[in-house]
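Visitor: A structural model of the following input is requested.
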Amino acid sequence: MKILIYVNTIQNLNNRNLLGGIEILNFYLYKFLKNKNKTLLTNKLTSSIKNKHWDIVISSNDSIIFNHLITKKKILWLHNKLQVEKAFRKKQLFPILSNKPYAIFVSKFLYEKTSKIYPFRKRYIIKNFLDKSFENIKINYQRKPIFTWSVQRSKGLKEVLKLWKNKIYKTRPDAKLYIFGIKKVENHREFKKFNIFFLGKVKKNILIKYYKISMGMICLGYDETFCLNAIESMSCGQPILSFGKTALNELIKNNINGYRVKNFDKLCKKIIDILDLKKLKRDKIINTTYKYSKKYYFEKVKSDWLKITKL
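Guide: Numbering: from 1, shown residues only. Below you'll find the model as predicted:
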């Protein structure tokens with residue numbers, strides 16, 4: 001069986017250090033499928049690729065490529081909300097209407113938010129899975145008064161910074177907040193005196209290092225259609241603090257792998273509560289969080305991919 005996996009990116013797919021979340025997912029799916037099939041992972045449509053007959057084409061978010069390929073089965077792997085207006089603007093609407101691909105959604109939230117107007121051949125929900133570097137991590141029970149933020153979207157960050165500066169720092173001056181994935185804000189050096197540090201985009205091993213010593217990850221979840229950062233955090237035994245909206249509502253089990261709060265005042269109180277947790281309770285939440293993350297090991301998800309590809 002000949003399978004093509006297409007990911008719309010300008011990055012070099014051979015350099016894993018430069019790959020983002022969706023690219024990594026495509027990379028691991030490629031490694032899995034190529035064991036028994038002739039499988040190609042690409043971000044370029046060369047003439048030889050266009051002229052070849054494929055059994056299956058899997059594309060992340062990009063339906064336009066189905067117009068340029070010869071294939072029996074077209075699978076659109078959706079990571080983002082597919083709104084009609086946005087699809088029309090990005091010239092995605094008519095390729096979907098004409099090709100009628102199979103659709104894979106990474107969450108129930110995404111499934112429900114995608115218009116039923118699309119004539120997908122079939123709709124499936126297959127949840128995302130962890131990067132292999134986040135599997136079977138040796139858990140550290142010696143935590144420091146550290147919290148992390150590693151979601152690249154900045155909505156809600158301004159309120160969190162204000163909350164940390166005016167309340168948390170005054171209550172617990174030893175507590176620190178490390179912010180990853182976001183470019184440094186204006187006057188970022190001023191925040192250091194309140195133990196807020198902007199570290200930008202870092203390699204996975206650096207993230208793991210901080211996750212393993214931190215007490216919790218702030219992931220508000222305003223517009224997450226899945227949130228890989230959340231399950232990566234859990235794999236290190238780091239619970240999630242969230243408003244429990246969007247797809248994060250499916251990932252967080254309250255007091256098992258995280259804490260749902262209703263507003264920023266409740267978030268502040270929960271952060272201080274976590275800082276004051278007794279060791280026995282802290283070890284318990286670390287354990288349950290880590291165990292919950294195993295639901296997202298690729299071994300648990302691969303059977304769903306085997307079913308849709310009929311392998």
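Visitor: under the pLDDT cut-off, which ranges of the chain? List them.
Guide: Applying pLDDT under 70 to the chain flags the ranges 311.
Visitor: let's check: the centremost residue of it is which one?
Guide: Nearest to the mean C-alpha position of the chain, by Cα atoms, centre = their mean, lies Leu228 at 1.9 Å.
Visitor: in the chain, spot the helix with the most residues.
Guide: Using DSSP state H, we find that the single longest helix of the chain is helix 279-293.
Visitor: which residues in that one does the neighbour count mark as buried?
Guide: For helix 279-293, a neighbour-count test (16 or more other Cβ atoms under 10 Å) marks 282, 285-286, 288-290, 292-293 as buried. For the C-beta atoms, the positions are set from N, CA and C on the backbone; glycine is no exception.
Visitor: cool, stretch 93-111 as well?
Guide: Those would be 93, 95-96, 99-107, 109-111, for stretch 93-111 by 16+ other Cβ under 10 Å.
Visitor: just the endpoints, please. Distance across that stretch?
Guide: End-to-end distance for stretch 93-111, by Cα to Cα, to the nearest Å: 17 Å.
Visitor: so what touches it?
Guide: Residues outside stretch 93-111 that contact it (Cβ atoms under 8 Å, 6 or more residues apart in numbering): 59, 63-64, 66-67, 73-81, 84, 87, 114, 118-128, 225-226, 246-247, 249-250, 308.
Visitor: redo that, cut-off 6 Å
Guide: 63-64, 66-67, 74-79, 87, 118-126, 128, 225-226, 246-247, 250 (Cβ atoms under 6 Å, 6 or more residues apart in numbering).
Visitor: do stretch 186-194 as well
Guide: 165, 169, 198.
Visitor: now, those residues that are in helices?
Guide: Judged by DSSP H, the contacts of stretch 186-194 include Tyr169 as members of helices.
Visitor: show me which of the contacts of stretch 186-194 is closest to Ile3.
Guide: Phe198 (41.0 Å; Cβ to Cβ).
Visitor: tell me how far the nearest residue to the closest one once chain neighbours are set aside lies from Asn17.
Guide: Leaving aside its sequence neighbours, Phe198 sits nearest to Lys184 (Cβ to Cβ, 6 or more residues apart in numbering; 4.5 Å). Taking Cβ to Cβ, to the nearest Å as the criterion, Lys184 is separated from Asn17 by 21 Å.
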